[in-house]
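[1] Sequence and predicted structure below; questions after.
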Amino acid sequence: MDSIGAIIKRLSDGTSRVFEGLAKVVLSILMGAILFTMGWAVFKLFAGLIISFKADIHESLKTVIVNSLTILALLEVFRTTLAYFSEGRVKVTYIIDTVLVVILTEVMAFWFRDLDWGKVFMMIALVLSLVVTRILAIRFSPGNVKTSEEL
């Protein structure tokens, strides 16, 4: 009976190692794709900047702001992936940071369009809820929780 439990544990450990190895391979490919995409985006940003000198300044600045924030969103995704490699888990704060950057990119894109107030208030509520969630994630992270003996 004890040998069956040992066999199951070994099988489980082997499956976990295979899964972790496959996850690292897939994430390595993803990181390469993200790096290539960020490099291409920076190249396109500068190429578009040269062309936009002939266009309206308002349109040029809008393009630069939105494209720069999109590149920063990709950078946050890359940072989250690196955190998984170094720590073996993904931190909630990194995910919230990524979502905040993406949402703020959308807010900046909305800034240059006419929107109804309902959508504006929904975006404000979403950003505020993400900020509160981030604060709570930092406050109650596993490293910051005190045991009853420490209190």
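    Nice, I can see it.
[2] what about the helices in the protein?
    2-52, 57-87, 92-111, 117-139 (DSSP state H).
[3] need the contact list for M108.
    With contacts defined as Cβ atoms under 8 Å, 6 or more residues apart in numbering, M108 is in contact with I65, V66, L69. The way it works is simple: take the backbone N, C-alpha and C, and place the C-beta from them, glycine included.
[4] nearest spatial neighbour of T93, skipping sequence neighbours?
    A137 (5.2 Å; Cβ to Cβ, 6 or more residues apart in numbering).
[5] Can you get me a residue count around that neighbour?
    16 (other Cβ atoms under 10 Å).
[6] and what of L128?
    Neighbours of L128 under the rule other Cβ under 10 Å: 10.
[7] What score does it have for pLDDT?
    Predicted confidence (pLDDT) at L128: the value is 90.
[8] any idea how far the nearest residue to L74 once chain neighbours are set aside is from S3?
    Nearest non-adjacent residue to L74, counting by Cβ to Cβ, 6+ apart: M38, 5.1 Å away. Distance of M38 to S3, given as Cβ to Cβ, to the nearest Å: 52 Å.
[9] Kindly report the same for I124.
    61 Å.
[10] With neighbour numbers in mind, choose between these two.
    I124 (11 against 7).
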